[in-house]
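Participant: Quick one: sequence plus predicted model below, questions after.
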There are 2 protein chains.
Amino acid sequence: MITIRITLAGMVMLLAGLPAIAQTDDKELLNQAQALFQPLPKDMATPQVPVTTERVALGRLLFFDPRFSIDGNVGCVTCHQPALYGTDGRPRSIGVKSRPHPRHAPSVLNAALQFVIHWRGDRVDAEDQVVQSLLLPITSGQPDETALLARVNSFPGYAPLFKSAFPADPEPVSRRNMALAIGAFERTLVTPSRFDDYLKGNVDALSAGERAGLAKFIEVGCVACHSGPGVGGGMYQKFGVMEDYWKATQSDPIDKGRADVTNDDADLYMFRVASLRNVAMTPPYFHDGSVATLPEAVKVMARVQLGVRLEDKDVGDIVSFLASLTGPLPPDFATAPVLPPGPVPPTK
Amino acid sequence: MITIRITLAGMVMLLAGLPAIAQTDDKELLNQAQALFQPLPKDMATPQVPVTTERVALGRLLFFDPRFSIDGNVGCVTCHQPALYGTDGRPRSIGVKSRPHPRHAPSVLNAALQFVIHWRGDRVDAEDQVVQSLLLPITSGQPDETALLARVNSFPGYAPLFKSAFPADPEPVSRRNMALAIGAFERTLVTPSRFDDYLKGNVDALSAGERAGLAKFIEVGCVACHSGPGVGGGMYQKFGVMEDYWKATQSDPIDKGRADVTNDDADLYMFRVASLRNVAMTPPYFHDGSVATLPEAVKVMARVQLGVRLEDKDVGDIVSFLASLTGPLPPDFATAPVLPPGPVPPTK
């Protein structure tokens, strides 16, 4: 995998040519926004990962089913709850047998759009995330693939659905196919918002206050990293460019980020830049959920990434722009499917 | 509270006058069924427990919110998941910090219809169940009411909803009001099925096989306990009338049932009779989830309660009748509401 490393300073310089925008110059602001962001796609299918109706239907069931984990009480939906906008609301997640997850669960909504998955980029894509989670000690606890698939097959309703989702596969019930199905479902979870209407040319889709926040978001330099259709999620960046991040977040322990994955000091404190889609609905913030509120998170970012102490008025404007990135929950995510019934074996 | 104790033998005698029903005698079967069962009510409100729109809306949020428990990862919805028909699919539930629950989680659907709540009747009604669960070590883990309410108030979106649901209450955010709101939501969770259409006079709402199962269900004596609108849920009964239940279920440990609540030997192995609404969707079975499948559960019941060894054909017919008790999920239960955002404090 090619690691993309662009210094923040370099990107801020690229943007330095942009003048501060008069709030009234709506057309100019829209032009700039259209150059920096894109509306969300209809779905997140790629040529490499086909998203068929049958796979999405199966993947939706698997996503909502907690019974595949060793005690039958943790599934995708545990850390990615519809009622909490695809998160669990916790600083760091809790897995099977109450095992603590070292990092905060980001929302599954629009997640497949990101260039890598997880804070440290140690998952290539949505499917890779699933295939690993299905057997890891925190998220699954199953000892091996045989045990996992035996559990799936203990619910008689599943086998025909795998067969119909993977008709050419002689062994349709497999961990790989579980991941392809769940990935297919996740690739449908896009949440277009008023910001997308704005990007398509409807200036009035955002209020004057939200547009002021957008202008400030561009002017201060947030867009150096938070750009594209996800308003982030497109690169790694060092958390703490101007000062150590933990001095602002009170993080404990101090997470070394991607350096722990690559064993390369150049990756020290590097994390994937968070997508800001639905950010107003998904506190707490950062890789360890160390900051509780969005205004505080905006202040921390400006300070440690850009060396800027924002005025309260500007924080308020940026927060109000960020709230315009909240789209309605996809109906097939908000509504639980009915799972094939079957019992979970007693806990050992 | 008055404890209702009717011997099973007495009830079977009462029913003994009923002749075995010819499967073709549809009108006669309907008459018998109408004397034994009632269609589900529109909701389960009572004069004592008002169910207002505002309380139901608030209660729905509270029901879906796991953040009130000590680690923010267990709520009503944890053991009563929409995707699993208001259960968790496990033999016995798992609470906060992976604390094991001693008994199986029955479905929350139609639950408020039952004459007492929980297997041993140690909760008077839905509201009593909630008020206790909000502070118990397994379901909540919060040390006291002050800590619980501080957590609720940490999500700013809730206070106005409590105020509007309890306008006359000077302190609307209270544990009691949480219970009244969640209870109000639960009292809307009724799941009428084809069986209700049948009871209202539409004979063809059940297939010939399902009617044969109903006739067998009456003839064998299941209706001695499983009657009324819930097809059960109306009385206590000894589990194991003809032989010790654990010999048929392989239960381990052996649960003494209501005797552990009342300290009265007359209550030894007495449990509340389960409602059979949606029973096909809610394995495993019995107070400890010791029996995995519905056909096996029907066989165990006939054997240990009635001393009858059922033929496989009769088991199949009864199971097919029981499947007609499955109604669609109530839309406000199947679909998650969006919770007021806010972070959960880090786990201590």
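Facilitator: Nice, I can see it.
Participant: Okay, A:Glu28 and A:Ile218: tell me how far apart.
Facilitator: As judged by C-beta to C-beta, to the nearest Å, A:Glu28 and A:Ile218 stand 11 Å apart. (Each C-beta comes from the backbone N, C-alpha and C, glycine too.)
Participant: Return the distance of A:Thr293 relative to A:Phe286.
Facilitator: Counting by C-beta to C-beta, the gap from A:Thr293 to A:Phe286 is 12 Å.
Participant: swap in A:Phe68?
Facilitator: For A:Phe68 relative to A:Phe286 (C-beta to C-beta), the value is 30 Å.
Participant: Looking at those two, which is more packed in?
Facilitator: A:Phe68 (26 against 22; other C-beta atoms under 10 Å in any protein chain shown).
Participant: tally of neighbours for the nearest residue to that one once chain neighbours are set aside?
Facilitator: The spatially closest residue to A:Phe68, leaving aside those adjacent along the chain, is A:Arg151, at 5.4 Å (C-beta to C-beta, 6 or more residues apart in numbering or on different chains). A count of nearby residues for A:Arg151, using other C-beta under 10 Å, gives 21.
Participant: ok, now A:Gly157?
Facilitator: When neighbours are defined as other C-beta under 10 Å, A:Gly157 has 12 of them.
Participant: Give me the pLDDT value at it.
Facilitator: In this model, A:Gly157 is scored at 97, pLDDT.
Participant: who are the neighbours in contact with it?
Facilitator: Neighbouring residues of A:Gly157 by C-beta atoms under 8 Å, 6 or more residues apart in numbering or on different chains: A:339-342.
Participant: swap the cut-off to 10 Å and go again
Facilitator: Applying C-beta atoms under 10 Å, 6 or more residues apart in numbering or on different chains to A:Gly157 gives the contacts A:61, A:338-342.
Participant: that older thread, point me to the helix or strand that includes the residue nearest to A:Phe68.
Facilitator: Assessed by DSSP states H and E, A:Arg151 sits inside helix A:145-153.
Participant: List the buried residues of that helix.
Facilitator: Neighbour counts using 16 or more other C-beta atoms under 10 Å in any protein chain shown place A:148-149, A:151-152 of helix A:145-153 among the buried residues.
Participant: When A:Glu28 and A:Ile218 are compared, which one has more neighbours?
Facilitator: Set A:Glu28 next to A:Ile218 and count neighbours by other C-beta under 10 Å: A:Ile218 wins out with 23 against 14.
Participant: Contacts for the helix or strand A:Leu29 falls within, please.
Facilitator: Using DSSP H and E, A:Leu29 sits in helix A:26-36. In this structure, residues lying in contact with helix A:26-36 by C-beta under 10 Å, 6+ apart are A:15, A:18-19, A:21-23, A:25, A:195, A:198-204, A:206, A:208, A:211-212, A:214-215, A:217-219, A:223-224, A:226-228, A:231.
Participant: Emit the ChimeraX select command for whichever of these are buried.
Facilitator: Those of the contacts of helix A:26-36 that count as buried under 16+ other C-beta under 10 Å are selected in ChimeraX with:
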select /A:21,195,198,199,206,211,212,214,215,217,218,219,223,224,226,227,228,231
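Participant: which ones among the contacts of helix A:26-36 are found in helices?
Facilitator: A:15, A:195, A:198-199, A:208, A:211-212, A:214-215, A:217-219 (DSSP state H).
Participant: just those residues now: which is nearest chain B?
Facilitator: Distance to chain B, by C-beta to the nearest C-beta, is smallest for A:Phe195 among the ones in helices among the contacts of helix A:26-36, at 18.0 Å.
Participant: Ignoring the adjacent residues along the chain, who's closest to that closest one?
Facilitator: With C-beta to C-beta, 6+ apart as the criterion, A:Phe195 has its nearest non-adjacent residue at 4.9 Å, and that residue is A:Ser324.
Participant: Neighbours of the one you found, how many?
Facilitator: So A:Ser324, with other C-beta under 10 Å, has 22 neighbours.
Participant: for the stretch 51-200 of chain A, what spans make up the helices?
Facilitator: Along the stretch 51-200 of chain A, the stretches classed as helices by DSSP state H, counting those that start in this stretch are A:53-64, A:76-79, A:126-133, A:145-153, A:158-165, A:175-186, A:194-199.
Participant: give me the number of residues near A:Gly316?
Facilitator: Using other C-beta under 10 Å, A:Gly316 has 17 other residues around it.
Participant: typed the wrong thing, it's A:Ala323
Facilitator: As a measure of burial, A:Ala323 has 19 neighbours, counting by other C-beta under 10 Å.
Participant: do you know how far it is from A:Ile218?
Facilitator: A:Ala323 is 17 Å from A:Ile218, by C-beta to C-beta.
Participant: what does A:Arg303 give?
Facilitator: Counting by C-beta to C-beta, the gap from A:Arg303 to A:Ile218 is 18 Å.
Participant: Kindly check the end-to-end length of stretch A:165-178 for me.
Facilitator: Terminal residues of stretch A:165-178 are spaced 10 Å apart (C-alpha to C-alpha, to the nearest Å).
Participant: Of all pairs in the ones in helices among the contacts of helix A:26-36, which one spans the longest distance?
Facilitator: A:Leu15 and A:Ala208 (23.3 Å; C-beta to C-beta).
Participant: Just the closest residue of the stretch 151-300 of chain A to chain B, please.
Facilitator: For the stretch 151-300 of chain A, C-beta to the nearest C-beta, closest residue to chain B: A:Pro284, 3.5 Å.
Participant: mind listing the strands in chain A by residue range?
Facilitator: Using DSSP state E, the strands assigned to chain A run over residues A:236-238, A:270-272.
Participant: I'd like those as TSV, with mean neighbour count, mean pLDDT and distance to chain B appended.
Facilitator: Listed next are the strands of chain A as TSV, based on neighbours: other C-beta atoms under 10 Å in any protein chain shown; pLDDT from 0 to 100; distance: least, C-beta to the nearest C-beta, whole Å:
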stretch	mean neighbour count	mean pLDDT	distance to chain B
strand A:236-238	22	98	23
strand A:270-272	24	98	19
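Participant: Out of these, which is closest to A:Asn110?
Facilitator: Counting by C-beta to C-beta, A:Asn110 lies closest to strand A:270-272 out of these; the figure is 13.5 Å.
Participant: Find me the pLDDT at A:Val12, would you?
Facilitator: Reported pLDDT for A:Val12: 57.
Participant: same thing with A:Leu8?
Facilitator: 61.
Participant: now do A:Gly59
Facilitator: The predicted local confidence for A:Gly59 is 98.
Participant: Tell me if I'm right that it and A:Phe166 touch.
Facilitator: No: using C-beta atoms under 10 Å, A:Gly59 is not in contact with A:Phe166; the gap is 11.5 Å.
Participant: between the two, which one's more packed in?
Facilitator: When neighbours are counted by other C-beta under 10 Å, A:Gly59 and A:Phe166 differ, and A:Gly59 comes out ahead with 28 against 21.
Participant: Spell out which residues of the stretch 101-250 of chain A are next to chain B.
Facilitator: A:104, A:154-156 (C-beta under 10 Å from any C-beta of the partner chain).
Participant: Got the domain ranges for chain A?
Facilitator: Domain assignment for chain A by automatic domain parsing gives A:8-42+A:191-323, A:53-190.
Participant: okay, the ones you listed, which one's buried deepest?
Facilitator: Highest mean neighbour count among these (mean count of other C-beta atoms under 10 Å in any protein chain shown): domain A:53-190, with a mean of 20.
Participant: and it, how far from the chain's centre?
Facilitator: Relative to the mean C-alpha coordinate of its chain, domain A:53-190 is positioned 14 Å out (C-alpha atoms, centre = their mean, to the nearest Å).
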